[in-house]
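**Student:** Generate a structure from the sequence data that follows.
(one chain, ligands or ions: 1)
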Amino acid sequence: MAQKKLSGEVFLPSKAVVEKANVKDWDEMSKRAQEDYEGFWAAEAEKLHWFKKWDKVLDESNKPFYKWFTGATTNISYNCLDVHLSTWRRNKLALFWEGENGDFQSYSYYLLHKQVCKFANILKSMGVVKGDRVTIYMGRVPELVFAMLACARLGAIHSVVFGGFSVEALHERLEDSKSKVLIVSDGSYVRGKIVNLKKIADEALMRAATVEHVVVVRRTGHEINMEAGRDYWYHELSSLPMGNQGCEAEVLDAETPLFLLYTSGTTGKPKAILHTHGGYMVGTYTSLKYVFDIHEEDRFWCAADPGWITGHSYIVYGPLLTGVTSFMYEGAPTHPYPNRWWQLIEKYGINILYTAPTAIRGLMKYGDAWPQRHDLSSLRLLGTVGEPINPEAWKWYHRVIGRGECPIMDTWWQTETGMFMITPMPCVPLKPGSGTRPFPGLIMDIVNEDGESVKPNEEGFLIIKRPWPSMMRTIYNDPDRYVNQYWSRYPGYYLTGDSARRDEDGYYWIIGRVDDVIKVSGYRLGTAEIESALVSHTSVAEAAAIGLPHDVKGNAIHCFVILKEGVEGTAQLAEELRQHVGHEVGPIARPEQIEFVSSLPKTRSGKIMRRVLKAKALGIDPGNLSTLEE
Ligand code: PRX
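**Tutor:** I've put the predicted structure just below:
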């Protein structure tokens, strides 16, 4: 097909990549999806298993509480596991894993199914039934995957809390979800050290009234406290006879809640994004298959953490739904040496690597020699997610890791969207730093304050103009906040919270968050979480947190603190406050710098103007100051 000449620096896909690709003509697919949007999604849904088919693809009767595949029954766990058992995939590697210390585990679809049934039976024996919430707090280990799929199998709702979070963050999530069971590992390995997850959990549990039982998975084997009648070892429970009985997947309405995932928003506490079985399943399956061009023989490595949406959608659900082999690695990319990832790619013949710009920048820092020591020729496709990627890092990734031959799928999406939203496919010409265009069928736009589309290359608010199957359904326990935060600014349209521009070729360029969310190393943190951790310290009266550009992390957290009367702002106290935030929220939230100040810029209504603090720190014009009180 004749290709329009694109502006700027463009990387065309090689003939070999296009020849192999599932989708060879993006424009044709996009046109088809635009013309018959529901038909497009229905055709994809047909490829999955439904106990009963839907009456309606998209139900818009109660906007913005959209529903998908209404009247249908299914179970995502059944689609991830059982459907493969009657095919040759029964013996195919579903999941394989390497620990930071070199431990190795692998599971065929058959074996993974067994493990999941076993875990589901354990949960059942603890009284977990459909609709119950189960919190999972672990490092990156296979049992985390078993636990997620076991919940799904029963129709229970999992809430995975990232293993890098700490006491307060875990406590808040246990309380808000009113979890009945907590699944935790004794500890996790992080750069050779043990993080005592069980101890953090014990502290969080002291104030979490709803948790009846705790399942403890042994990973690090260090001494921990086990509370009689509450805490049970997973390996003991799973060796009981009940573990070996099968466990049928519950037949669930397509709109049955699948999981909660807490994420930071504009104000206040993290909110629980709710996803459901049917639509989420169709979205993750379709997006992974086409964007990462999944082939039966592929070994797919999503190097994210299962505790975030990327891991949910693309370590666990997407790969298992497509029947591909998913790889999971426990440790950090640079431990013990900066070639750890390259070693793994070579050792296991990984074909697709999906990671975050912060990891790429962090590895790039160590130079080309580390990756060049390894044979990375198995790689066919690369991916990135979580924050904008600077063209320099993109090109390094492309040239050094991808031999100049592997297209990079820069995927823009969110916890709320469940699946890739702005993304290339392997056949699409790429521009470093742009996620190219919306996934076929989606309608997105960039608008000004008044909701009018901005001109090419002008910055504006990124919005989504029609529902999609894997969209969040609500904020758990807070439907009003769902409506207000996402659907009220431009009625009928979904507000992403990002600003972006679109070039003359229709390519989208994400600029960043326009709300009080800071992306640190691709992790999403709210200024409110950091500030409330700071003010919970006895010396602090008031605090403000902002993100400032950082070479590797993308953004780093800087805090401005007003101390209580009579407290002196010493370097030692600043360090103590940094550690305090780390203890309350988690190491990723530890501020880069703390500055003691005597006042903070506020609006007349008392809201901190972080924009002014940021401008001052960067030495740039703070813009309109008419609402500034002092
Ligand atoms: O600001 C955008 C950024 O990450 C935000 C969503 O964060 P979270 O819900 O944690 O999900 C991250 C993983 C899906 C977005 O609002 N973001 C995500 N992907 C990209 C990105 N920014 C630029 N380019 C991306 N590819």
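**Student:** And the residue nearest the centre of this protein?
**Tutor:** Nearest to the mean C-alpha position of the chain, by CA atoms, centre = their mean, lies Ile309 at 2.4 Å.
**Student:** what sits against that residue?
**Tutor:** Contacts for Ile309 (CB atoms under 8 Å, 6 or more residues apart in numbering) come out as Leu261, Thr263, Ile273, Trp413, Gln414, Thr415, Gly418. Glycine gets a C-beta too; all of them are placed from N, C-alpha and C.
**Student:** how many other residues sit next to the fourth one?
**Tutor:** Summarising burial for Trp413: neighbours were counted as other CB atoms under 10 Å, giving 23.
**Student:** Any residues of the chain in contact with the ligand? List them.
**Tutor:** Contact residues, the chain versus the ligand (CB under 6 Å from any ligand atom): 263, 309-310, 385-388, 410-415, 435, 496-498, 510, 513, 519, 524.
**Student:** Strands - which of those residues land there?
**Tutor:** Thr263, Val385, Asp410, Thr411, Thr496, Gly497, Asp498, Ile510, Arg513, Lys519, Arg524 (DSSP state E).
**Student:** separation between Gly155 and the ligand?
**Tutor:** For Gly155, the distance to the ligand equals 25 Å [CB to the nearest ligand atom, to the nearest Å].
**Student:** correct me, but that residue touches Lys130?
**Tutor:** Yes. Shown here, Gly155 and Lys130 form a contact pair, counting by CB atoms under 8 Å, at 3.4 Å.
**Student:** returning to that earlier point: let's see if you can find the most crowded of the contacts of Ile309.
**Tutor:** Most surrounded of these: other CB under 10 Å gives Gly418, at 31 neighbours.
**Student:** residue contacts, that residue?
**Tutor:** His275, Gly279, Tyr280, Gly283, Thr284, Ile309, Ser313, Ser470, Met471, Met472.
**Student:** again with Ala589
**Tutor:** Taking CB under 8 Å, 6+ apart, one finds Val520, Leu525, Glu529, Ile530, Ala533, Ile557, Val581, Gly582 in contact with Ala589.
**Student:** ditto for Lys519
**Tutor:** Lys519 sits in contact with Gly386, Glu387, Gly512, Arg513, Leu525, Gly547, Gly554, Asn555, where contact means CB under 8 Å, 6+ apart.
**Student:** Quick one: the strands in the stretch 51-200 of the chain, in order.
**Tutor:** With strands called from DSSP state E, counting those that start in this stretch, the stretch 51-200 of the chain shows them at 56-59, 67-70, 73-74, 93-98, 104-108, 133-137, 157-160, 181-185, 188-190, 193-195.
**Student:** Could you export the ones you listed as CSV, including mean pLDDT and mean neighbour count?
**Tutor:** Formatted as CSV, those follow (pLDDT from 0 to 100; neighbours: other CB atoms under 10 Å):
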stretch, mean pLDDT, mean neighbour count
strand 56-59, 98, 18
strand 67-70, 98, 24
strand 73-74, 98, 22
strand 93-98, 98, 20
strand 104-108, 98, 16
strand 133-137, 98, 27
strand 157-160, 98, 25
strand 181-185, 98, 26
strand 188-190, 94, 20
strand 193-195, 95, 15
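**Student:** How many neighbouring residues does the residue of the stretch 251-400 of the chain found nearest the ligand have?
**Tutor:** Per CB to the nearest ligand atom, the residue of the stretch 251-400 of the chain with the smallest distance to the ligand is Pro388, at 4.1 Å. By other CB under 10 Å, the residues close to Pro388 number 22.
**Student:** Excluding covalently adjacent residues, which one is nearest to it?
**Tutor:** Spatial nearest neighbour of Pro388, chain neighbours left out: Ile510 (5.1 Å); criterion: CB to CB, 6 or more residues apart in numbering.
**Student:** which residues does the one you found contact?
**Tutor:** Applying CB under 8 Å, 6+ apart, the residues near Ile510 are Pro388, Trp412, Ile422, Gly435, Leu462, Asp498, Ser499, Ala500.
**Student:** For the chain, which residues score under the pLDDT cut-off?
**Tutor:** Applying pLDDT under 70 to the chain flags residues 1-3, 243, 266-267, 629-630.
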